[in-house]
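Engineer: sequence below, structure please.
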Amino acid sequence: MQLKEFKHQPVLAKESPDALVTQPDGVYIDGTFGRGGHSRLILEKLSSKGRLIAFDRDPQAVEAAREIADERFSIIHAPFAQMKEELAKIGVERVDGVFLDIGVSSPQIDDPERGFSFRFDGPLDMRMDTSSGQTAAEWIAKADVGEMTRVFKEYGEEKFATKAARAIAAARDAKPIETTKQLADIIAQALPRNKKDLGQHPATRIFQAIRIQVNQELTQLREALEAAGSLLNPEGVLAVISFHSLEDRIVKRFFEAAHNPASKLDPRLPLLPEQMPAPLFERPKRVLPSKEECEENPRTRSSVLRFAVRTEAPWPEGGV
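Structural biologist: Residues are numbered from 1 along each chain as shown. Got it, this is the predicted structure:
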């Protein structure tokens, strides 16, 4: 497979590896290889005894990983939500750090053939794993107005969700919706522009919602956080970069619940301090990109890095 060249610039490139790697001889996971920007930076911080295992759903990303000729590095073609099961297959039960860079990567956005962006006209695909699953065009063709409305509201936070869903349903009755331009034009004709941000295309939130739905991104994220927590050694680090409020909210609440599991208990229960559940993570921190990085790479402006350190407390069977 011949790969096209697309520029990819990792965000929070110094802060992320610095937060993640505390044991240079340890075993680390990069759950979102992309084009390897963060993986290469993590490898720079590992000793000759260290090990980095990457994951990615995208066959093109897995192909790109072949460029890393380093015996400390390997990659697995699987969603990061499956990391625990996939690591068990190769005999890895515990790790010292897990890094996740959530969302769509720059090469995916910039390739018209992937169908992630309305900036280019291309097939309406949006799958991160192009070898399996339902495309965006197939989902749009089958989803009823109610389902589309729910997805646009929940995953796009689109206040004109119903209007958009009805416009799409009416348009597909006349002609199948198969390209990004078709979908973007339908939405642009149906929805008003954002008065607070006239530069934002009316289709922005709808495209985001459909992409999240097609790839089950939020479900994958929740499962990956749980898997990471259960895999980490004491003093191991979980570091997550998110790019929009839906993702960041999940990560923030996960760390809050894991840092203070007692908050889920009924305060009326007569429990002694030693009976309270122990924290699963400690020292949670939040890092934003610098002004200089945002100016150099505009895509980093919405990014948030959250990380925390695993304690010795056993991971609960039911999860956080």
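
Engineer: just to be sure, residue 308 is in a strand?
Structural biologist: Yes. Judged by DSSP: H, G, I helix; E, B strand; the rest coil, residue 308 forms part of a strand.

Engineer: so it makes contact with residue 255?
Structural biologist: Yes. Contact criterion Cβ atoms under 8 Å: residue 308 and residue 255 qualify, at 5.3 Å. All C-beta atoms are positioned from the backbone trio N, CA, C, and that covers glycine.

Engineer: any common contacting residues for the two?
Structural biologist: Residues touching both residue 308 and residue 255 by Cβ atoms under 8 Å, 6 or more residues apart in numbering: 281, 284.

Engineer: which one's more surrounded, these two?
Structural biologist: residue 308 (27 against 23; other Cβ atoms under 10 Å).

Engineer: stretch 155-167: how far from the chain's middle?
Structural biologist: Relative to its chain's centre, stretch 155-167 lies at 23 Å (Cα atoms, centre = their mean, to the nearest Å).

Engineer: an error on my part: the question was meant for stretch 111-128.
Structural biologist: 18 Å.

Engineer: now stretch 300-314
Structural biologist: Distance, centroid of stretch 300-314 to centroid of chain: 14 Å (Cα atoms, centre = their mean).

Engineer: what do you get for stretch 209-222?
Structural biologist: Distance of stretch 209-222 from the chain centroid (Cα atoms, centre = their mean) equals 8 Å.

Engineer: list the buried residues of it.
Structural biologist: 209-215, 217-218, 220-222 (16 or more other Cβ atoms under 10 Å).

Engineer: repeat that for stretch 127-146.
Structural biologist: Neighbour-count burial for stretch 127-146, counted by 16+ other Cβ under 10 Å, picks out 127-130, 133, 135-137, 139-140, 143, 145.

Engineer: next one: stretch 98-117
Structural biologist: Going by neighbour count (16+ other Cβ under 10 Å), the buried part of stretch 98-117 is 98-112, 114-117.

Engineer: quick one: the strands in the stretch 101-250 of the chain?
Structural biologist: Under the criterion DSSP state E, counting those that start in this stretch, the stretch 101-250 of the chain carries strands at the ranges 232-242.
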